[in-house]
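Q: Here is my input; please provide its structure:
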Amino acid sequence: MFAGLAENLINFAFNTASYQMNQVMRRLTLATIIFLPLTLLTGYFGMNFTSFGAINGSVSLFWSIALPVMAALIPVFMLTDIRRMVQTLQKRTAANQNSKMVSM
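A: The predicted structure is shown next:
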């Protein structure tokens with residue numbers, strides 16, 4: 001009886017640690033999704049070219065590439081998080097409406 005209880009507690013501790021590690025990995029993945037394309041563009045524009053017109057001029061070419069790429073990539077990779085957020089907001093709204101109806 002105690003052996004089964006101890007085993008369940010150990011499994012619970014490992015599952016809790018695994019869940020926390022998964023949350024940390026999700027945050028690191030999101031940071032990578034945001035900064036990796038920018039790092040690629042920065043590395044490309046940071047190369048030593050003498051005949052590359054975008055380097056001699058302004059940085060508008062960099063931003064004209066970087067902003068649309070980021071605007072497209074962030075929603076694509078965060079689609080599951082956005083869906084989860086919408087579902088949570090819908091549940092909260094429904095719960096608030098139900099509590100208002102009960103209190104009347």
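Q: C-alpha only now, for contacts and for neighbours.
A: Noted.
Q: Below-threshold pLDDT in this structure: ranges please.
A: Residue ranges of the chain with pLDDT under 70: 48-58, 104.
Q: Show me where it has its strands.
A: For the chain, no strands turn up when DSSP state E is the criterion.
Q: any idea how far residue 31 is from residue 76?
A: As judged by CA to CA, to the nearest Å, residue 31 and residue 76 stand 14 Å apart.
Q: and the gap between the residue nearest the centre of the chain and residue 87?
A: Note on the chain: the residue nearest the mean C-alpha position is residue 30, at 3.4 Å, using CA atoms, centre = their mean. Distance, residue 30 to residue 87, by CA to CA: 20 Å.
Q: Please, where are all the helices along this structure?
A: Here the chain has its helices, by DSSP state H, at 2-45, 53-56, 60-77, 79-103.
Q: list the buried ones in the last one?
A: Residues of helix 79-103 classed as buried under the neighbour-count rule (16 or more other CA atoms under 10 Å) do not occur.
Q: Any idea how far that helix is from the middle of the chain?
A: 21 Å (CA atoms, centre = their mean, to the nearest Å).
Q: got the angle for it vs helix 60-77?
A: 60 degrees (axes from the mean of the first three to the mean of the last three CA atoms, to 10 degrees).
Q: In contact with the residue nearest to the centre of the chain: list those residues for me.
A: Neighbouring residues of residue 30 by CA atoms under 8 Å, 6 or more residues apart in numbering: 77-78.
Q: Could you rerun that using 10 Å?
A: Counting by CA atoms under 10 Å, 6 or more residues apart in numbering, residue 30 touches 24, 74, 77-78.
Q: With residue 13 instead?
A: By CA under 10 Å, 6+ apart, the residues touching residue 13 are 7, 19.
Q: next one: the one 10 residues further on
A: With contacts defined as CA under 10 Å, 6+ apart, residue 23 is in contact with residue 29.
Q: From residue 85, how far out is it?
A: Separation of residue 23 from residue 85 (CA to CA) stands at 15 Å.
Q: now, among the contacts of residue 30, which is nearest to residue 38?
A: residue 74 (12.3 Å; CA to CA).
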